[in-house]
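[1] Sequence unavailable; structure follows:
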């Protein structure tokens, strides 16, 4: 299973990339900010896809221990870029949130940098202090405080989705690394309570929380996106209306090519393709977990598993939001939604998993060599 896991991983990712480009071509032509060009978003996504594939190849070839030795550079860069979101003429405020930086030639979300930085730090920390993983200070307080720096900056951007995503990934990695459950259980409780408090008191987010609790009442205001997403799923049924025949993208469903592209898959291609997307994520989770378990060292295991958890949680949050199982959060669907920096760093994570696999396989002697060595080794 381990030797074939990387093939399943690459196949699942490739299938979603192809589906993402196809659905983007179908939906983005009707977006309000397409600048009159029906393939505007397709061309930009194709550019980011090329960059992402290059990043994936480089990460697959480069020794993943680079992240272990240089995690602090990536972490510091993330802190600086997140701070730039609030600098005039560099940071961009869109829909009430400051999540983007604009360097004229390129615009991206620094929080995507922070995701990899947080995972690399946690993997480094718990591989270095393996014996102290269950202690209060080195196994719980210190790593939580350091990752908390990134989470605080992202929360300040009014990006509660990414904050919760990094927090959830941190919780799982800390648990797998051996941090005491007696410390993590109160942390999870406090995190949920804080999320509910912020969601109910923060302007703009409280309406989303109310819409989640009573979607039909707020279907024309804060719950518009989720309501129209359900309409899209219902219209598509099992077989779908046919590629290009979706109606919700015609101005009824905002952000149909980004955060809400999953309902468009359901409307145009039907239940079969939505289940196929879910299956692809399950394959990525299983393959990535197998690769991480067979890593050559503890850092690779934690780093690879953290990447898998990050991708899985982001996909689960997006699908949960678009099916009205969770309050509305601005998180794209990995490998499918339009979004340059998110696509690049998702592919970067896949490249790191491939490198972990390559080194894990290289360190494992094949069965024939083991049998041969057993035959020629004299018994004493």
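    Arrived safely. Keep in mind that this is a model prediction, so the values were computed, not measured. Numbering: from 1, shown residues only.
[2] helices or strands up against the helix or strand that contains residue 353?
    Following DSSP states H and E, the helix or strand that holds residue 353 is helix 340-363. Judged by 3 or more CB pairs under 8 Å, 6 or more residues apart in numbering; DSSP states H and E, helix 340-363 is in contact with helix 2-27, helix 40-61, strand 107-108, helix 110-128, helix 271-293, helix 298-322. C-betas here are computed from N, CA, C, even on glycine.
[3] so what does the next helix or strand after the fourth one touch, helix or strand wise?
    Later in the chain than helix 110-128, the nearest helix or strand by DSSP H and E is helix 142-156. In terms of contacts (3+ CB pairs under 8 Å, 6+ apart), helix 142-156 is packed against helix 71-84, helix 110-128, helix 160-177.
[4] So residue 21 sits against residue 49, correct?
    Yes. A contact is recorded between residue 21 and residue 49 when judged using CB atoms under 8 Å, the distance being 7.4 Å.
[5] Let me see the contact set for residue 357.
    Contacts for residue 357 (CB atoms under 8 Å, 6 or more residues apart in numbering) come out as 2, 5-6, 291, 294.
[6] ditto for residue 57
    Going by CB under 8 Å, 6+ apart, the list of residues near residue 57 reads residue 351.
[7] Please report how far it lies from residue 351.
    7 Å (CB to CB, to the nearest Å).
[8] which strand of the chain spans the most residues?
    Longest strand of the chain, by residue count under DSSP state E: strand 97-102.
[9] Please list the residues outside that one that contact it.
    With contacts defined as CB under 8 Å, 6+ apart, strand 97-102 is touched by 81, 84-86, 90-92, 94, 107-111, 157-159, 162, 330.
[10] Kindly recompute the last result at 6 Å.
    84-86, 90-92, 107, 109-110, 157-159 (CB atoms under 6 Å, 6 or more residues apart in numbering).
[11] what's the answer for stretch 231-248, then?
    Where contact means CB under 6 Å, 6+ apart, the residues beyond stretch 231-248 that reach it are 26, 228, 263-264, 266-271.
[12] between the longest strand of the chain and helix 142-156, how many degrees?
    In this structure, strand 97-102 runs at an angle of 90 degrees to helix 142-156, with axes from the mean of the first three to the mean of the last three CA atoms, to 10 degrees as the basis.
[13] Which strands border strand 97-102, and is each parallel or antiparallel?
    Using DSSP bridges, strand 97-102 pairs in its sheet with strand 91-94 (antiparallel), strand 107-108 (antiparallel).
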